[in-house]
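*Asks:* Model the structure of this input:
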Amino acid sequence: MKIITPHNKCTGCHACFSACPTNAISICRDYAGFLYPTINQELCVDCNLCVRICPINKIARSDTNNSALPKAFACINADGLIRYESSSGGAFTAFAEEILSNGGVVFGARFDPEFNVVHDYTETIEGLSKFRGSKYVESSIGLTLKIAKQFLQEGRLVLFSGTPCQIEGLLSFLGKEYQNLITIDLICHGVPSPMIWAKYIRYRNKQYKSTPERVSFRDKRLGWKLYSLSIEYQNMRKYSKSLNDDLYMQLFLNNVCLRESCYKCKFKVLHRKSDITIADFWGIERKNPELFDNRGTSLLLIHSSKGYELTKLISNKVHLVDMDLGEAISNNMNAIKSAQKPIGRIWLPRYISYHNFTLVGIMLRNFKLAKRFKSKAIDIFQRLMKANN
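*Replies:* Model (predicted):
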């Protein structure tokens with residue numbers, strides 16, 4: 001069977017799926033719920049386009065369009081409500097509004113009715129709210145690469161946002177530069193399992209005897225730095241716990257439930273092919289205290305002339321301050337360093353898929369303990385698995 005790229009390197013970017021001329025590639029979930037391409041050999045004509053177009057196979061950092069180091073800015077949206085509803089300073093909304101005001105189309109990640117995370121697009125200002133805020137789950141790209149290409153060929157202005165690997169997948173699929181395309185990627189910690197997220201939501205739904213009406217991974221009720229995962233239910237009840245106390249956030253921040261490729265990410269570099277990178281400006285209270293009020297400050301890394309021109313166009317909507325690049329990323333090393341793969345990662349997703357989150361909480365506490373005693377960690381995990389199966 002043809003292998004497009006090794007399983008542990010595939011990012012699920014959908015470039016191969018989108019490019020296949022015979023629709024021989026489908027996207028399927030593995031045991032942990034992550035999306036991977038599968039080839040139907042009866043439809044495959046061995047053109048090898050999928051292999052050639054895969055951004056992992058094409059990596060050669062010398063071929064980047066951006067040879068200069070990015071320019072760094074701190075950014076705060078002037079609209080306080082937009083800023084509050086955003087994960088950091090509300091920069092994405094400012095960029096997106098500018099694109100839409102010029103007749104463009106904006107692509108981003110949103111929740112579907114079951115609170116799975118999917119990519120979609122909007123052509124209205126009102127539609128932007130569904131893209132606002134971080135979503136710490138792997139997003140299904142679906143057909144959006146093909147839809148974006150169609151808009152571009154029609155001459156429409158397109159802003160496409162996603163993780164670095166998703167942006168590389170889009171650019172590889174397009175195969176040529178479009179002046180009417182703006183790409184925005186993120187400083188990404190890594191993408192968690194959709195299956196684990198779905199199981200977590202079911203666990204909370206059972207506790208609260210309802211279904212969600214709204215989910216926020218970055219509720220600022222305790223401030224920007226100590227953000228909370230909150231779920232508002234249709235029966236008017238609300239779950240909300242800080243990043244230190246919520247079980248799902250702890251699985252995420254301890255790198256337990258990330259995609260395999262995230263542990264050796266090929267796209268955590270300063271020289272990116274995106275036009276703009278957006279992130280939280282962690283450490284801004286030390287770099288520039290005037291820009292810190294614990295309500296959120298965005299970090300912008302501008303990689304291209306298109307990105308710089310768009311940034312100038314939003315200057316009337318945001319407070320923008322030029323920053324030193326080294327200082328800007330010193331507290332955000334996720335820009336250039338992959339998440340460390342924890343001991344026991346090979347067992348934990350399987351464990352979580354078969355057990356409820358009460359037992360998962362016990363497992364996570366033992367996982368944290370095991371990290372202190374690495375020489376005994378494997379034995380600890382094996383015994384826990386046997387005891388709870």
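*Asks:* Looks like Ile231 contacts Thr211 (just checking).
*Replies:* No: judged on CB atoms under 8 Å, Ile231 makes no contact with Thr211 at a distance of 9.7 Å. Every residue, glycine included, has its C-beta placed from N, CA and C.
*Asks:* Which one of the two is surrounded by more residues?
*Replies:* The residue with more neighbours, out of Ile231 and Thr211, is Ile231; 25 against 16, by other CB atoms under 10 Å.
*Asks:* sec struct for the more buried one, please.
*Replies:* With DSSP: H, G, I helix; E, B strand; the rest coil as the basis, Ile231 sits in strand.
*Asks:* how close does it get to Arg214?
*Replies:* Ile231 sits 7 Å away from Arg214, going by CB to CB, to the nearest Å.
*Asks:* Next up, the contacts around the residue nearest the centre of the chain.
*Replies:* Nearest to the mean C-alpha position of the chain, counting by CA atoms, centre = their mean, stands Thr163 at 4.7 Å. By CB atoms under 8 Å, 6 or more residues apart in numbering, the residues touching Thr163 are 11, 139, 185-186, 188, 191.
*Asks:* Which members of those residues define the maximum pairwise distance?
*Replies:* Thr11 and Leu186 (13.6 Å; CB to CB).
*Asks:* Those two: who's more crowded?
*Replies:* Thr11 (28 against 22).
*Asks:* okay but Asn332 is in contact with Ile278, surely?
*Replies:* No: counting by CB under 8 Å, Asn332 stays clear of Ile278, with 11.2 Å between them.
*Asks:* overlap in contacts of these two?
*Replies:* In contact with both Asn332 and Ile278: 187, 299, using CB under 8 Å, 6+ apart.
*Asks:* who's more crowded, those two?
*Replies:* Ile278 (23 against 17).
*Asks:* residues contacting the more buried one?
*Replies:* Contacts of Ile278 (CB under 8 Å, 6+ apart): 88, 91-92, 184-187, 298-300.
*Asks:* would it count as being in a strand?
*Replies:* Yes: Ile278 forms part of a strand when assessed by three-state DSSP.
*Asks:* got a list of what the residue nearest to it when sequence neighbours are not counted touches?
*Replies:* Closest residue to Ile278 apart from its sequence neighbours, by CB to CB, 6 or more residues apart in numbering: Ala91 at 5.4 Å. The neighbourhood of Ala91, defined by CB under 8 Å, 6+ apart, consists of 75, 77, 278, 298, 300, 314, 318.
*Asks:* Just the pLDDT at Ala91, thanks.
*Replies:* Looking at Ala91, its pLDDT is 98.
*Asks:* got it, and Ala148?
*Replies:* At Ala148, pLDDT is 98.
*Asks:* Return the backbone torsion pair for it.
*Replies:* phi -60, psi -40 (degrees, to the nearest 10).
*Asks:* Which helix or strand in this structure has the lowest average pLDDT?
*Replies:* Ranked by mean pLDDT, DSSP states H and E, the weakest helix or strand in the chain is helix 374-388, scoring a mean of 48.
*Asks:* Restricted to strands, list the contacts of Thr163.
*Replies:* 185-186 (DSSP state E).
*Asks:* Save the contacts of Thr163 as CSV, and put in distance to Pro289 and pLDDT too.
*Replies:* Converted to CSV, the contacts of Thr163 look like this (distance: CB to CB, whole Å; pLDDT from 0 to 100):
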residue, distance to Pro289, pLDDT
Thr11, 38, 97
Ser139, 35, 97
Asp185, 28, 98
Leu186, 25, 96
Cys188, 27, 95
Val191, 33, 96
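*Asks:* Tell me the spacing between the residue nearest to Ile278 and Thr183.
*Replies:* Distance from Ala91 to Thr183, by CB to CB: 14 Å.
*Asks:* try Lys135
*Replies:* Counting by CB to CB - Lys135 and Thr183 are separated by 18 Å.
*Asks:* Same question for Ala198.
*Replies:* 29 Å.
*Asks:* How about Ile99?
*Replies:* 12 Å.
*Asks:* Over to Cys44?
*Replies:* Distance from Cys44 to Thr183, by CB to CB: 30 Å.
*Asks:* And His7, by the same measure?
*Replies:* Taking CB to CB, one finds His7 at 26 Å from Thr183.
*Asks:* of those two, who's got more company?
*Replies:* In terms of neighbours (other CB under 10 Å), Thr183 is the more surrounded of His7 and Thr183; the figures are 28 against 12.
*Asks:* where do the strands sit along the stretch 101-250 of the chain?
*Replies:* 105-111, 117-122, 158-161, 181-186, 212-219, 228-233, 238-242 (DSSP state E, counting those that start in this stretch).
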